[in-house]
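**Student:** any chance you could fold what I've pasted below:
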Amino acid sequence: MLRAKEKQAIKLEFKEKLTAFVKTLESHISSSDRQWTVKGFIDIYKSIFTISSDTKILSKILEIHLFPKILQFAETNDLKIVLAEHQNYYPDISFVSSRDESIKFALDLKTTYRLPDNPEFYNGFTLGSHGQYFVDRSSRKNIQFPYSQYLGHFCLGIIYTRCARSDIQETRVHKLSELTSIVSVIKDFQFFVREKWEIASDSRGSWNTANIGSVFKISDILGGNGVFKNLGEKWFDEYWMNYGKITLPRAGNKKITRLKDFLIYRGKDPSLAVPVARPRKA
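**Tutor:** Numbering: from 1, shown residues only. Below you'll find the predicted structure:
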C-alpha cells in the first residue's frame, strides 16, 4: 500500500507530465491564424455545414477532436483510460496505471468562452458535485471509482473566443473546395491543467444542483489562484463536505455558504480566503 509521501510524489509527477502535454494541444486544433481547424460537418455529397455555436455541441466536438491525443498521452505514460459509464458520472476520464491499478487520476474536460465585453473573464464552469460521492469517499453513486481511490482530481480546461455571429454563415452550405475559407465558430484557444481545489470558489457553480463553482478571472485560473490557495486541498475538502450544513446561531441560524464564515467557525483567520474576482455586470 502506498504511503502518503509516495502518493504525493506520484501525483506531482503525473501533474508535471499532464501540464507539459497540454502545452502541445493548441497546435493540434488550431490553424496558423489561431482559428479552430474544425470548420463544420460533411455529408456523403461533400457538402459542408457550419457547426452551431451552442456550447454543449462545441464542448463535445472539442472532446472528440482531442481524444486521440489524450489516448496517446495515456499510452506514452503506461496508463489505461476508463471513460465515464454514464453522462452524469464523474470524472470524464479516469487514468489507471497499467502497472499498479491502485494508482488512479480523475480528469474532467472543461470548455468555456471569454466574455465578449470583458475578455479578462470567462463564462464559469462547475468542478463536479459536492454531494454523496464527495462526502462519502467510498460511495459509487454517480462516480466511476470511489473518490478516495483517486490520487488526484484534475481539470483540463479550454478557453476560447466565440467569433461574431455576423462572420458566421450559418445557413449557407459550403463546397469542399471552400474549406479553408470558412470562418471557424471559435478561435484563440488557451489550455490549462489545474487540480480542482486550485481553481475552486466557495460558491456553487449552479443553483439547482450541488456543484462546486470555479473562479471567474482567466489569470486566476491559469495561476491556480482559487479561493483555497492559502489553505490547501484539505480545507477545500472540509468546506465543501460541510457546505450549507453548519448553522450559525449568532447569525439567526444562517447556514454557512462562505469560506470566511467557515474559517471563523473553525477558529481560523478568515483573511486566508482569497477573494474571488468577478466580471463587472453589464
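**Student:** now A277: which helix or strand?
**Tutor:** A277 is located outside every helix and strand, with elements delineated by DSSP states H and E.
**Student:** quick one: terminal-to-terminal distance for stretch 159-175?
**Tutor:** 30 Å (C-alpha to C-alpha, to the nearest Å).
**Student:** which residues are in contact with that stretch?
**Tutor:** 36, 39-40, 46-50, 52-53, 111-114, 116, 119, 122, 182-192, 218, 221 (C-beta atoms under 8 Å, 6 or more residues apart in numbering). C-beta coordinates here come from the backbone N, C-alpha and C atoms, glycine included.
**Student:** list the buried ones in stretch 142-160?
**Tutor:** Applying a neighbour-count criterion of 16 or more other C-beta atoms under 10 Å, one finds 142-145, 147, 149-160 buried in stretch 142-160.
**Student:** and for stretch 182-194?
**Tutor:** Here stretch 182-194 shows I182, S184, V185, I186, K187, D188, F189, F191, F192, V193, R194 as buried, counting by 16+ other C-beta under 10 Å.
**Student:** now swap in stretch 82-89 and tell me
**Tutor:** Here stretch 82-89 shows A84, Y89 as buried, counting by 16+ other C-beta under 10 Å.
**Student:** first-to-last residue distance for that stretch?
**Tutor:** End-to-end for stretch 82-89, by C-alpha to C-alpha: 12 Å.
**Student:** now for the buried residues of stretch 182-194: which two are most distant?
**Tutor:** The span of these, defined through C-beta to C-beta, is set by I182 and R194 at 33.1 Å.
**Student:** so which of the contacts of stretch 159-175 belong to strands?
**Tutor:** Counting by DSSP state E, the contacts of stretch 159-175 place 40, 47-50, 111-114, 119, 122, 186-192 in strands.
**Student:** restricted to strands, list the buried residues of stretch 142-160.
**Tutor:** Reading strands off those with DSSP E, I get Y150, L151, G152, H153, F154, C155, L156, G157, I158, I159, Y160.
**Student:** what's the burial count for R99?
**Tutor:** For R99, the neighbour count with other C-beta atoms under 10 Å is 8.
**Student:** which regions of this structure lie under the pLDDT threshold?
**Tutor:** Residues of the chain meeting the criterion pLDDT under 70: 166, 207-208, 250-252, 281-282.
**Student:** residue contacts, V135?
**Tutor:** So V135 contacts M241 (C-beta under 8 Å, 6+ apart).
**Student:** quickly note the distance from it to P116.
**Tutor:** Distance, V135 to P116, using C-beta to C-beta, to the nearest Å: 38 Å.
**Student:** same check on D92?
**Tutor:** For D92, the distance to P116 - C-beta to C-beta - is 27 Å.
**Student:** who has more neighbours out of the two?
**Tutor:** Legend: neighbour count by other C-beta under 10 Å for D92 and P116, higher for D92 (17 against 9).
**Student:** from what I can see K11 touches H153, true?
**Tutor:** No. K11 lies out of contact with H153 (C-beta atoms under 8 Å); the separation is 9.8 Å.
**Student:** common neighbours of the two, please.
**Tutor:** F105.
**Student:** quick revisit: farthest pair in the ones in strands among the buried residues of stretch 142-160?
**Tutor:** L151 and Y160 (29.8 Å).
**Student:** L259 and F228 touch, don't they?
**Tutor:** Yes. Applying C-beta under 8 Å as the test, L259 and F228 come out as touching, 7.4 Å apart.
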